[in-house]
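[1] predicted structure and sequence below. I'll ask about it afterward.
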Amino acid sequence: MYVPVGVSNRHIHLTEADADRLFGKNHVFRVRKSLRQPGQYACEETVTLRGPKGLIPNVRVLGPCRSYSQVEISKTDSYVLGVCPPVRDSGDIEGTPGIEIIGPKGTLQLERGVILAQRHIHMHPSEASELGVKNGDFVSVVTKGEREVILERVLCRVSEHYRLEFHIDTDEANASGLSSGDIVKIIQVDAIHEIQTFKPKRVLVLNCGSSSVKYKVYNMPSETITDSGNIQHNYGGDLHASLANIFDHVGSEIDVVAHRVVHGADLFTESTLITDEVINKIQSICHMAPLHNPVNLEGIRIARTFYATIPHIAVFDTSFHQTMPPTSFLYPIPYEYYEKHKIRRYGFHGSSHRYVMERAEQILDTPRSKLRLISCHIGNGVSVTAIRNGASYATSMGLTPLSGVAMGTRSGSIDPAVIPLLEGLEGLTTRQVLDILNHASGLLGISGLSNDVRVLLEAEKQGHERAKLALDIFVMKLHDYIGLCMARMNGADAIIFTAGIGENSPEIRERICRGLEYTGVFLDAAKNSEESGERVISSKFSPIKVAVIPTNEELIMARDAYWIALQNVTQETYVYSPLHA
């Protein structure tokens, strides 16, 4: 059940006799505004509180008059006044401190009645029945927004005269990020468990490819790298030997192993503890990434034999993009092929896009929930991702890493009719055409020279026309997808450049941004070309910020593996479920 918030500022309730002493006999209070609870109102009149240490003026009187006088203040107010009131429900004033009250017509020494009001919810009996609570029971509420917190021991006040409202004082409201009119949800806290002390763990990060195995060893949670390497091998022959050499080198003192898996389809929305069932699921989708998943899976099987008693975690390139809506991931082909074969856009470089998103949140000093980012992972493989509210919303790569923008050796998205046409004209098989599109196209295919941007930039200076053409097409295709991201998110707050070219080529960054001035992108030439490392490279006057953030996919893998390993032995701090959504 959702409940509106009413933040309760310091105020005073008066008896008729006390009101007469402070404001004059038979004084009629003037209504400043009606409150949510029927018959209650804030008055124009105010009083001053005087305590042992200080004064607080302009304390609002609430009407109508009651059978007892009571002052409700915050903890901060109590420090100012020099009093020490207890947390009490309204009317429970026995044993509470008093205070001097100064009005326009007189002064009153209240002997008791100063309280810190117990946080509470006013509700009608029908609402209490729906929740299964009665007057005097306690519930919990969870707030929304940047400071999501759970507030426990919220008193239920039930009466036919009440309207649903959550009352909280100004101190707690400020700490929780709440304002009057906000909404909280009533929940049930099932249990509270002590978090296990974080224990240092050595995480081995493995990236088993078709021609090499890359590895790093992290000490977590300090995130320090203690070892790394890149071992070349020929798949099918000596992967086992390559991994055995790595395991022998790093030793047996490994606590968890993180494995990169390129394709998780829609079976895995996050990094996952590897079990036999998970292995079977990865096996079932190997046809979606035949060059990658089989060798990723073989590396998992070998590693599990060497490190048989520790957790192994699969980290998927595709999982970050599983938040995309159907409008972003469905292809306009007969829907039955999606239903039968899961043919759709999946996206890749997920760990990279996720890492730069998390860093952008820190660099721009803005929570991800308020950011629209365009992450440009530009290396030999290239992908562009629209990230809205910390989640992938659209991305350029599709069912496989072949689609999207032009890349080092990949064509990116082309007219699919090119494939059968080349088969007929050149006498090629489908596999041969796909090999050309993957390994002989893109910058290499257009230039006929190289897939290395540095080589092509130098050749362009020497007048090599096809090198220039290749670079122009490369940038133009990036513009296509950056523009698409702008349209999908109705603008952007920042553009992020990452990966080999994105991090290290000021010329390419400048050419990409040169076509985006109309959107509000303006580079600072010196920051772009003369500085290095992680930094903002846009002008201070640029409405859309531009940043360079070196990616760190292995660190994302190590973090995920560490936390999942901890969760295997650690209960959640709070386990709660909605009483009524």
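    Sure, I can see it.

[2] going forward, measure contacts and count neighbours with C-alpha atoms only.
    Noted.

[3] and stretch 252-260, how far out from the chain middle?
    How far stretch 252-260 lies from its chain's middle: 26 Å, per Cα atoms, centre = their mean, to the nearest Å.

[4] ends of that stretch, how far apart?
    20 Å (Cα to Cα, to the nearest Å).

[5] average pLDDT for it?
    Mean pLDDT, stretch 252-260: 92.

[6] could you pull out the strands for the stretch 101-250 of the chain?
    Using DSSP state E, counting those that start in this stretch, the strands of the stretch 101-250 of the chain run over residues 107-110, 114-117, 120-123, 138-142, 150-158, 165-169, 183-192, 201-208, 212-220, 224-232.

[7] my error: substitute the stretch 251-400 of the chain in the last question.
    Counting by DSSP E, counting those that start in this stretch, the strands of the stretch 251-400 of the chain are 256-261, 272-273, 312-316, 372-378, 382-388, 391-395.

[8] quick one, the fourth one and strand 382-388 angle?
    Same thing as strand 372-378. 170 degrees (axes from the mean of the first three to the mean of the last three Cα atoms, to 10 degrees).

[9] residue ranges with poor pLDDT in this structure?
    Residues of the chain meeting the criterion pLDDT under 70: 190-198, 233-237, 568-581.

[10] let me see the domain layout of it.
    Taking automatic domain parsing as the criterion, the chain consists of the domains 2-192, 196-316+554-581, 348-550.

[11] of those domains, which is nearest residue 328?
    domain 348-550 (5.5 Å; Cα to Cα).

[12] got the end-to-end distance for the closest one?
    Using Cα to Cα, one end of domain 348-550 lies 17 Å from the other.

[13] and the lengthiest helix in the chain with strand 372-378, angle?
    Secondary structure of the chain read by DSSP state H shows that its longest helix is helix 465-489. Taking the same axes, to 10 degrees, one finds helix 465-489 and strand 372-378 inclined to each other by 160 degrees.

[14] immediately after helix 465-489, which helix or strand?
    Proceeding N to C from helix 465-489, the next assigned helix or strand is strand 494-498, under DSSP states H and E.

[15] which strands and helices sit next to the next helix or strand after that next one?
    Using DSSP H and E, the helix or strand that follows strand 494-498 in sequence is helix 499-504. Packing contacts for helix 499-504, counted by 3 or more Cα pairs under 8 Å, 6 or more residues apart in numbering; DSSP states H and E, involve strand 372-378, helix 506-514.

[16] just the C-alpha atoms of helix 499-504, please, in PDB.
    Output in PDB follows, covering the C-alpha atoms of helix 499-504 (Å, rounded to 0.1, in the frame of the first residue of the first chain):
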ATOM      1  CA  ALA A 499      38.300   1.300 -25.700                       C
ATOM      2  CA  GLY A 500      41.400   1.500 -27.900                       C
ATOM      3  CA  ILE A 501      40.400   4.100 -30.400                       C
ATOM      4  CA  GLY A 502      37.900   5.900 -28.200                       C
ATOM      5  CA  GLU A 503      40.500   6.400 -25.500                       C
ATOM      6  CA  ASN A 504      43.600   7.100 -27.600                       C
END
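
[17] for that helix, report the contacting residues that lie outside it.
    For helix 499-504, the surrounding residues in contact (Cα atoms under 8 Å, 6 or more residues apart in numbering) are 376-380, 453, 497, 508-509, 533, 548-551.

[18] could you rerun that using 6 Å?
    Helix 499-504 has contacts (Cα atoms under 6 Å, 6 or more residues apart in numbering) with 377, 378, 379, 548, 550, 551.

[19] repeat for stretch 125-133
    residue 158.

[20] buried residues, it. List them.
    Applying a neighbour-count criterion of 16 or more other Cα atoms under 10 Å, one finds 125, 127, 128, 133 buried in stretch 125-133.

[21] got a markdown table for these, with distance to residue 541 too?
    Output for these, formatted as a markdown table (distance: Cα to Cα, whole Å):
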| residue | distance to residue 541 |
| --- | --- |
| 125 | 57 |
| 127 | 53 |
| 128 | 54 |
| 133 | 56 |
